[in-house]
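# this one's structure only:
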């Protein structure tokens, strides 16, 4: 495990988490400890073992292609930080 | 009234000894008096609770009742309840009013139960001590310097201190069983897929499962009867016949084979907890059970596997909090990317950010096979251990936690130490099995010890039978915290 401080900044950027230099340094130490805990896993021989993504081996259920939801835009947009005329407002993204 | 079982409360309501409004007010008054000491609830809404209580009294007057009609239930603040503030213990959702009901909430509403309030929890259910909540830590009613456990710490403390008749919780790595153990109550995590996750704010979707928290196995069975059931809106909800989880409560335990995994009694288990667990096993032998030594050789890997899989799923689930559609938005930002980064940096707490970082890293290019895929393969090995074990026994027993409740702030600065406190519970989530914790005595510091009972898939009725029979010959589950007047 060789997680560098630059990796910490890179991951924070991927996760869209703003981070100060001091926060990154603290995170770096803690992540190294946590990956130390996780490292035990690497030594296990798992050749021929199928990954398990779900506790029950069930397949995805399909449903009929019919409308089940009706429009509740006003109700749902009531929780939005900023809206106007039924639209979500964000900072300008196109010059 | 406060020490009554749910069956007794239901009988009192139906015989008009007390109305639902009176019962709800009784609990609301207790919450008003005691919540400042325990911080078990994040949100109380007397008006909305009493509207439901009035409606329940009308149903009771018409004799249109269910076992839980009119009974005040505390809901973990992870369940969306229409019109209720639903925070998930986070600043990110501190102003979020849910516009719809979770399936679990619908189920309780359908039978006329009363939503008494939303209980405190670790932020986004990530924690084992309830200290990661944006709304402050919950205190353990048995000793207010101790943690109540987490993440369903508010629900556990509320049940323990008689601030509700019963409560709901969710369990991703032990979040029902561990706080139930530390607060001296009973809690059950059902088989994965038994209770719908619809409207339950997502943490790690392949592990999250809701379940009941209450004083006794008998109460848990009544609650699970309401909570469980197929729901097409959750793609992992299991299509099964409805069952009555109370049906086997009174069966004798003659011939029951109890598996004791040697890994659950090895180094790391404190002596006082071991002693209480051994005494409860001895009680089971008196009830006609026999003991089988078993091994879960891969269970030691459950913590590393969990701390890859759960953060990976969390980092994906929590990417929805962008400050655009709902939730917290930073007050100042320069552009869209800056708005995302500042809103998430300010809206999430330290533990949540830490797990998002772990998850993002293990899913990133070049590391997926080494971490995520490897963890999924070991997950299968862990699940297979249980398949082998259940060839030799009917239920598995052991401690729920390695120690009784630790002190507030004791493990706060060291995430790894905090993670290790879930050593006995996590494997059950990885395998998707049902597990429960019931009170089994007290440790050296007079704090409760929990006995964990793990069952095979869909064996909840048998586990409840096993727990109920123990509770017929012991009184640990009836003990009340000394400093909480009832």
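Sure, I can see it. As the structure is a prediction and not an experimental result, all values here were calculated from the model.
# quick one, strands of chain A?
Assigned by DSSP state E, the strands in chain A fall at A:83-84, A:87-88.
# where do the helices sit along chain A?
Ranges of helices in chain A, per DSSP state H, are A:5-14, A:21-38, A:73-77.
# nearest to residue B:184, of the ones you listed?
Proximity to residue B:184 (CB to CB) singles out helix A:21-38 among the helices of chain A, at 29.8 Å. All C-beta atoms are positioned from the backbone trio N, CA, C, and that covers glycine.
# tell me the angle of the closest one relative to helix A:5-14?
Here helix A:21-38 runs at 100 degrees with respect to helix A:5-14, directions being taken by axes from the mean of the first three to the mean of the last three CA atoms, to 10 degrees.
# before we move on, back to that, adding distance to residue B:104, mean neighbour count and mean pLDDT, write the helices of chain A out as TSV.
Shown next, in TSV, are the helices of chain A (distance: least, CB to CB, whole Å; neighbours: other CB atoms under 10 Å in any protein chain shown; pLDDT from 0 to 100):
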stretch	distance to residue B:104	mean neighbour count	mean pLDDT
helix A:5-14	33	17	96
helix A:21-38	32	16	94
helix A:73-77	21	12	94
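# want to throw these into a markdown table with distance to residue B:280?
Shown next, in a markdown table, are those (distance: least, CB to CB, whole Å):
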| stretch | distance to residue B:280 |
| --- | --- |
| helix A:5-14 | 45 |
| helix A:21-38 | 31 |
| helix A:73-77 | 49 |
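# what's the closest of those to residue B:439?
Closest to residue B:439 of those is helix A:21-38 (CB to CB; 30.5 Å).
# how much distance is there from the closest one to the middle of the chain?
Once both centres are worked out by CA atoms, centre = their mean, to the nearest Å, helix A:21-38 turns out to sit 18 Å from its chain's centre.
# that older thread, would you format the strands of chain A as a markdown table with distance to residue B:357 included?
Formatted as a markdown table, the strands of chain A follow (distance: least, CB to CB, whole Å):
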| stretch | distance to residue B:357 |
| --- | --- |
| strand A:83-84 | 31 |
| strand A:87-88 | 27 |
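# out of those strands, which comes closest to chain B?
Closest to chain B of the strands of chain A, according to CB to the nearest CB: strand A:87-88, at 5.3 Å.
# quick one: residues contacting the residue in the stretch 351-486 of chain B that chain A sits nearest to.
Nearest to chain A in the stretch 351-486 of chain B, going by CB to the nearest CB, is residue B:432, at a distance of 2.0 Å. Applying CB atoms under 8 Å, 6 or more residues apart in numbering or on different chains, we find residue B:432 in contact with A:54-56, B:191-193, B:383, B:457.
# residue closest to the middle of chain A?
Closest residue to the average C-alpha location of chain A: residue A:15 at 6.8 Å, with CA atoms, centre = their mean.
# got a list of what that one touches?
B:315, B:319, B:344, B:356-357, B:360.
# out of those, which are close to chain A?
Contacts with chain A within those, as defined by CB under 8 Å from any CB of the partner chain: B:315, B:319, B:344, B:356-357, B:360.
# residue contacts, the single nearest residue of chain A relative to chain B?
Closest to chain B within chain A is residue A:55: 2.0 Å, counting by CB to the nearest CB. Neighbouring residues of residue A:55 by CB under 8 Å, 6+ apart: B:191-193, B:206, B:383, B:430-433.
# what's the answer for residue B:172, then?
Counting by CB under 8 Å, 6+ apart, residue B:172 makes contact with B:125, B:151, B:203-204, B:207-209, B:310, B:429.
# roughly how far apart are it and chain A?
Look at residue B:172 and chain A: by CB to the nearest CB, to the nearest Å, they are 12 Å apart.
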